[in-house]
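J.: coords below, sequence missing:
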């Protein structure tokens, strides 16, 4: 038995397919010597290593057929969620007409749970051994595979909605509120469904509401590290509590997506300063302001590759 690598061009990336050929001399001796499976040497296409696997007498339900598979090998350097997309065709050399017959062709995704693709019934023994086809001459044959590693230039996303969503309440107490001299301040970080959050407050407002209202926002801490397609979907409400009457000032959001391009959502005009400071109310009781956030994380959207 001899293995003949293709003499086509060197390793390619998103260029022409890489062809690998395997010549088998004395095919009948495989069965005579109890060899039911033969794996080729490794070859490279698209910077990945591959093998062609042949079962001369069939594999699985491939009785009376030759089974042929393409396998990716040497993937230990890849991350746990690796995947490689490849288009490939199996070939059999017609020695009479001096050309290759394309037996099968398809595009498949190779990954850690599926490293081999092919056909248990690639070609029947009857077709393969028919002298008119020229596939088996003097007990010799040549199999091959063209492998084209495709780059995924498309974009997409995967949305995962969470079951049994429960709201999380976080209370933030701000002492000496009337003495604050800073433009804005953050609450301590808190975690909801594995994601970190903060409340952002402008004591005298922001933008057009400067000097008119307090401005309050919910901010995601994690989104700075998100890629351009990842986002967390959440709904929430924020309240400033009247500490005596219980008549809280509350605003509720629709479902919002927190992402790298939009880390915070909230209200510029959350509450007029005149209402906050109203002595008939107790939003500032003993100069303490209590802000409460009620958050439900509904799902996560990630890029689909």
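T.: Cool, got the structure. Just so you know, these numbers come straight off a predicted model, no measurement behind them.
J.: How much space separates the closest residue to residue 86 other than its chain neighbours from residue 137?
T.: Excluding the flanking residues, the one nearest residue 86 by CB to CB, 6 or more residues apart in numbering is residue 149, at 5.0 Å. To be clear about C-beta, it is placed using only N, CA and C from the backbone, and glycine gets the same treatment. Distance, residue 149 to residue 137, by CB to CB, to the nearest Å: 33 Å.
J.: Neighbour count for these two, which is higher?
T.: Ranked by neighbour count (other CB atoms under 10 Å), residue 149 and residue 137 place residue 149 first, with 24 against 14.
J.: chain center to the helix or strand where that one lies, what's the gap?
T.: Using DSSP states H and E, residue 149 sits in strand 141-150. Here the centre of strand 141-150 is set off from its chain's centre by 28 Å, with CA atoms, centre = their mean, to the nearest Å.
J.: helices and strands around the helix or strand just after that strand, which ones?
T.: Using DSSP H and E, the helix or strand that directly follows strand 141-150 along the chain is strand 157-161. Secondary-structure packing of strand 157-161 (3 or more CB pairs under 8 Å, 6 or more residues apart in numbering; DSSP states H and E): strand 289-303.
J.: Average pLDDT for stretch 46-62, rounded please.
T.: Averaged across stretch 46-62, the pLDDT comes to 93.
J.: And it, end to end?
T.: From its first residue to its last, stretch 46-62 covers 30 Å (CA to CA, to the nearest Å).
J.: Give me the buried positions along that stretch.
T.: 46, 48, 50-59, 62 (16 or more other CB atoms under 10 Å).
J.: Tell me which residues touch residue 160, please.
T.: Contacts for residue 160 (CB atoms under 8 Å, 6 or more residues apart in numbering) come out as 299-302.
J.: if you set the cut-off to 6 Å instead, what comes out?
T.: Going by CB atoms under 6 Å, 6 or more residues apart in numbering, residue 160 touches 299-300.
J.: who's it bridged to?
T.: Judged by DSSP bridges, the bridge partners of residue 160 are residue 300.
J.: one step back: quick check: the two most widely separated of the buried residues of stretch 46-62?
T.: Greatest spacing in these, by CB to CB: 46 and 57 (31.4 Å).
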